[in-house]
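>>> Let me see the structure of the following:
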Amino acid sequence: MALLQFKFEDFEGLSVQMQNGQHIHSEETTDPDGNAWKLQLFPCGYRSEEEGWVSIYLKYAEKNNVLATFSFIMRNACGGVHTEVNYEGPVYLFKEGGGAHGNSKLIKRSEILDGKNDILCDGALCFDVLLQFEEQSSLYKPSGSVLTKMLQLLKNTDNADASFKVGDEIVTSHKLILSTNAPVLFEFCGENNDGSPVAINDITAEIFRIILRYVYGEEIP
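A predicted model of the protein is given here:
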C-alpha cells in the first residue's frame, strides 16, 4: 500500500481561468518504490457533459508498467475526509503514455467553492491517493501472442478460402482476415465468383507473402 499526496493551489482562480476540457497537472510525487505519479485536474470538467463537475485522473510517469487498484480521498480544510472514491474492483494497468484512470464527475465545482463546506485549505484543493499494487504474474497470459498465432494461421492452407496466383505460384489466404485487414484484396476475391485464384500481376510471390505476413501479424521484414 502506498499513500500519495497532491495539492492544487488557488482552486478558485483555476476554476475561473480555465474552461471545460482544460486541465492542469500536479507536481510529481513518488511511491515507496521510487515510481513517479501525478494528478490531472479538470476544474471545469473533462468533457462538455461534465460541465460544472470537477474531473480528476491519476497518471503514471514511469516507463515500466504497474498494476494497481486505487482510491481518491479529497480532504477538507481540517484534514478530514470530504469525498472518497474507491476503485478496488478491477485491477488497472498504468503505463507510460497509456492514458490515465480516474473520475470524470468527482464532485460539483460549486460544492467545492461554497465556503460553508470548508473544503479548500488556504485556497488549495488537497487529495490523497491510496495505491495497492498487484503482481504482474497475477494476470492470466495466454501462451503465445495473438499476432504469432495469426502468422501460424497464414501457414495453415487447410482452412484457407481464398487464393491468389502470383507468377507461377498459388498463395492461399483467409477471407475473414482480408476483409478486416486488407479490404482491397478481399474485394479482388469477390470478383472471382467461380472460386478460381485471383491473378496478382507485377509482383513476385516472395513480396506478396511478405505483404500477407504484415496483413496477418504486422510483421515488417
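>>> and the helix or strand where Trp37 lies, average pLDDT?
Using DSSP states H and E, Trp37 falls within strand 36-42. Strand 36-42 shows a mean pLDDT of 94.
>>> Now it - C-alpha only, CSV.
Extracted C-alpha coordinates of strand 36-42, given in CSV (Å, rounded to 0.1, in the frame of the first residue of the first chain):
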residue,chain,number,x,y,z
ALA,A,36,6.6,9.0,-10.1
TRP,A,37,2.9,9.8,-10.2
LYS,A,38,0.8,13.0,-10.8
LEU,A,39,-2.8,14.0,-10.8
GLN,A,40,-4.5,15.6,-13.8
LEU,A,41,-7.2,18.0,-12.7
PHE,A,42,-10.0,19.4,-14.9
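>>> Show me what it is packed up against.
strand 2-8, strand 24-25, strand 29-30, strand 53-60, strand 125-134 (3 or more C-beta pairs under 8 Å, 6 or more residues apart in numbering; DSSP states H and E). Every C-beta, even on glycine, is put in place using the N, C-alpha and C of the backbone.
>>> For Ala160, which of those strands is the nearest?
Ala160 lies closest to strand 125-134 among the helices and strands packed on strand 36-42, at 41.8 Å (C-beta to C-beta).
>>> ok now the closest one, how far from the chain's centre?
Its chain's C-alpha centre and that of strand 125-134 lie 20 Å apart, by C-alpha atoms, centre = their mean, to the nearest Å.
>>> Over to stretch 193-208?
On the basis of C-alpha atoms, centre = their mean, stretch 193-208 sits 38 Å off its chain's mean C-alpha point.
>>> Identify each buried residue in that stretch, please.
Under the neighbour-count criterion of 16 or more other C-beta atoms under 10 Å, stretch 193-208 has 197-198, 200, 205, 208 buried.
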